[in-house]
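# curious how this folds, go ahead:
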Amino acid sequence: MVLLAFVLALALQAPGPVADGLKALDARDYPAAIAAFETAIKADPKDYSAHFNLALAYSLSGRDAEAITEYRTTLELKPGLYQALLNLGTVLVREKRFAEAIPHLQAAAAARPADARPQLLLGDAQLGMSQYQLAAQAYYAALTAAPDSADAELGYARALIGQQQLGEAEPHLRRAIMLQPDLREWLLDLGEAYERAGKTDQAAAVYEQFPDSAAARERLGFMLLQAGRVKDALPHLEWAAEKSPTAANKLALALAYKRNNDAAKALAIVEAAVQAEPGNVDLRMAYGRELRDARRFADAAQQFNMVIQARPDSIEAWNEMAGMMVSLEQFPQAIAALDRISALGGEKPGHLYLRAIILDRVRDIKGAAAAYERFLAMSQGALPDEEFKARQRLRILKKELGK
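Residues are numbered from 1 along each chain as shown. This next block holds a predicted model:
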């Protein structure tokens, strides 16, 4: 409405390029409007109204970068022009250039404190910058000016969520939904915020309101699973995996089957997921672990090797490969995997202990003794049981070395 009022005021001018441009704008013929206003500017480069309406035509035709330039020129020629401040801020927010938008919107809000629009846009920009407290103030001002604004209620709720004021946010979010029902999906953001804050009962209450949402059912199922309510979790996770067969949903369902002592179902789910997405490295890692737990060590090693081929610097994958090589009694390959972990800077006390055990088993007495000593020097009480065993074994090895 602000833009329309400004354009109508200019329409009273004498016939010429500006009037032609305004007629083209009214007809939504933006290329013609742009050409007319460009002509007007060539005739009078200081005609701020021509620059403003050229910016408007650019903006309406999706040429935001050029619109921004023209709005800036307008403000240079006519500092403080409310419509230019507001429109420039609008375009900058749309382009997610929030820091640039804020001063223009602050100026517009100060010029017309009773208008909701600049305050609403200012809140959007501050929210985009994670300035939640300032955004809440702007949205509250917008609500004061326009109490029935669904966008202002939604923005205020989001700003409160950003400040972890979840209980205070919920009634504003619900009022926004009452005013504009298609905003209902924003409740899921509130549910996630409750979940992150550890308020699982409140999160569950939100998720339960979305029985047809795979995302909500998956989160509800996962929360129940984490709470140890495996049988309650399974129907939600099964439904989510069927309706939205994403990797995340399948892995969550596999975890539920595993905790329900149904490892075969868990393995089958992950195997099918890998077959559906053979290039998904995370799924291959999960599949390898399921195979490992099923004691199919050779198959597991094959999967971990494929992960390593895709991610040669993955310490996680090399860890798994080292374990599989030990289980398969392929000790040189296990040592090679441990060497790679060390080269990647991921060596921990447990790796040194495993290296010592391997060397001890292949009767490399000197190497085993050195590995036990390095393990004890690094562990320093972190693995007390293993440290006790290492000391006992090191004592025996040193006796053998001394013979």
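
# got the contact list for stretch 285-298?
Residues outside stretch 285-298 that contact it (C-beta atoms under 8 Å, 6 or more residues apart in numbering) are 251, 254, 258, 263, 266-267, 270-271, 273-274, 299-301, 303-304, 307, 316-317, 320, 323-324, 327-328. Where you see a C-beta, it was placed from the backbone N, CA and C, and this is true even at glycine.

# where strands are concerned, which of these count?
Taking DSSP state E, every one of the contacts of stretch 285-298 sits outside strands.

# where are the low-confidence patches of the stretch 251-400 of the chain?
Counting by pLDDT under 70, not a single residue of the stretch 251-400 of the chain qualifies.

# now the helices for it?
Along the stretch 251-400 of the chain, counting by DSSP state H, counting those that start in this stretch, helices occupy 263-276, 281-293, 297-310, 315-327, 331-343, 349-361, 365-379, 384-402.

# follow-up on the earlier one: got a ChimeraX select line for the buried ones in the contacts of stretch 285-298?
Selection of the buried residues among the contacts of stretch 285-298 in ChimeraX, burial being defined by 16 or more other C-beta atoms under 10 Å:
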select :251,254,258,266,267,270,273,274,299,300,301,303,304,307,317,320,323,324
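
# ok so, going back, now the helices of the stretch 251-400 of the chain in JSON lines, with distance to L77?
Formatted as JSON lines, the helices of the stretch 251-400 of the chain follow (distance: least, C-beta to C-beta, whole Å):
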{"stretch": "helix 263-276", "distance to L77": "60"}
{"stretch": "helix 281-293", "distance to L77": "56"}
{"stretch": "helix 297-310", "distance to L77": "57"}
{"stretch": "helix 315-327", "distance to L77": "60"}
{"stretch": "helix 331-343", "distance to L77": "64"}
{"stretch": "helix 349-361", "distance to L77": "69"}
{"stretch": "helix 365-379", "distance to L77": "70"}
{"stretch": "helix 384-402", "distance to L77": "77"}
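
# of those helices, which approaches V93 most closely?
Closest approach to V93 among these (C-beta to C-beta): helix 281-293, 35.5 Å.

# next, the buried residues of that closest one.
Applying 16+ other C-beta under 10 Å to helix 281-293 flags 281, 283-288, 290-292 as buried.

# for E76, which of the helices of the stretch 251-400 of the chain is the nearest?
helix 281-293 (52.4 Å).

# now do the contacts for the residue nearest to G288 when sequence neighbours are not counted.
The shortest distance from G288 to any non-neighbouring residue, by C-beta to C-beta, 6 or more residues apart in numbering, is to Q303 (3.4 Å). By C-beta under 8 Å, 6+ apart, Q303 lies in contact with 284-285, 287-288, 291.

# quick one: which of these is nearest L134?
M285 (42.6 Å).

# can you list the domains in this protein?
According to automatic domain parsing, the chain is divided into the following domains: 210-277, 278-329, 348-403.

# let me have the ones you listed in JSON lines, extended by distance to Y82.
Putting the domains of the chain into JSON lines (distance: least, C-beta to C-beta, whole Å) gives the following:
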{"stretch": "domain 210-277", "distance to Y82": "42"}
{"stretch": "domain 278-329", "distance to Y82": "52"}
{"stretch": "domain 348-403", "distance to Y82": "63"}
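
# the ones you listed: which one's closest to G21?
Comparing the domains of the chain by C-beta to C-beta, domain 210-277 comes nearest, at 47.3 Å.

# can you put the buried residues of helix 281-293 in JSON lines and add distance to A377?
Compiled in JSON lines, those are given as follows (distance: C-beta to C-beta, whole Å):
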{"residue": "V281", "distance to A377": "35"}
{"residue": "L283", "distance to A377": "39"}
{"residue": "R284", "distance to A377": "36"}
{"residue": "M285", "distance to A377": "32"}
{"residue": "A286", "distance to A377": "35"}
{"residue": "Y287", "distance to A377": "37"}
{"residue": "G288", "distance to A377": "32"}
{"residue": "E290", "distance to A377": "36"}
{"residue": "L291", "distance to A377": "35"}
{"residue": "R292", "distance to A377": "30"}
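
# quick revisit: for G123, which of the helices of the stretch 251-400 of the chain is the nearest?
Nearest to G123 among the helices of the stretch 251-400 of the chain is helix 281-293 (37.5 Å), distances taken as C-beta to C-beta.

# helix 263-276 and the closest one, what's the angle between them?
Computed with axes from the mean of the first three to the mean of the last three C-alpha atoms, to 10 degrees, the direction of helix 281-293 lies at 150 degrees from that of helix 263-276.

# now helix 281-293 against helix 315-327, angle please.
Interaxial angle, helix 281-293 versus helix 315-327 (the same axes, to 10 degrees): 20 degrees.

# now the angle between helix 297-310 and helix 281-293, please.
Using the same axes, to 10 degrees: helix 281-293 against helix 297-310 is 160 degrees.

# off-centre distance for helix 281-293?
24 Å (C-alpha atoms, centre = their mean, to the nearest Å).

# and it, C-alpha only, in CSV?
Provided in CSV are the C-alpha atoms of helix 281-293 (Å, rounded to 0.1, in the frame of the first residue of the first chain):
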residue,chain,number,x,y,z
VAL,A,281,28.8,-43.5,2.8
ASP,A,282,27.1,-43.0,6.2
LEU,A,283,24.7,-45.8,5.4
ARG,A,284,27.6,-48.1,4.5
MET,A,285,29.3,-47.3,7.8
ALA,A,286,26.1,-48.2,9.6
TYR,A,287,25.7,-51.4,7.5
GLY,A,288,29.3,-52.4,8.3
ARG,A,289,28.6,-52.0,12.0
GLU,A,290,25.4,-54.2,11.7
LEU,A,291,27.4,-56.8,9.9
ARG,A,292,30.1,-56.6,12.6
ASP,A,293,27.6,-57.1,15.4
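
# for the closest residue to L383 other than its chain neighbours, which residues are in contact?
Excluding the flanking residues, the one nearest L383 by C-beta to C-beta, 6+ apart is P349, at 5.6 Å. P349 makes contact with 375, 378-379, 382-383, 386 under the criterion C-beta under 8 Å, 6+ apart.

# could you redo the last one with a cut-off of 7 Å?
375, 378-379, 382-383 (C-beta atoms under 7 Å, 6 or more residues apart in numbering).
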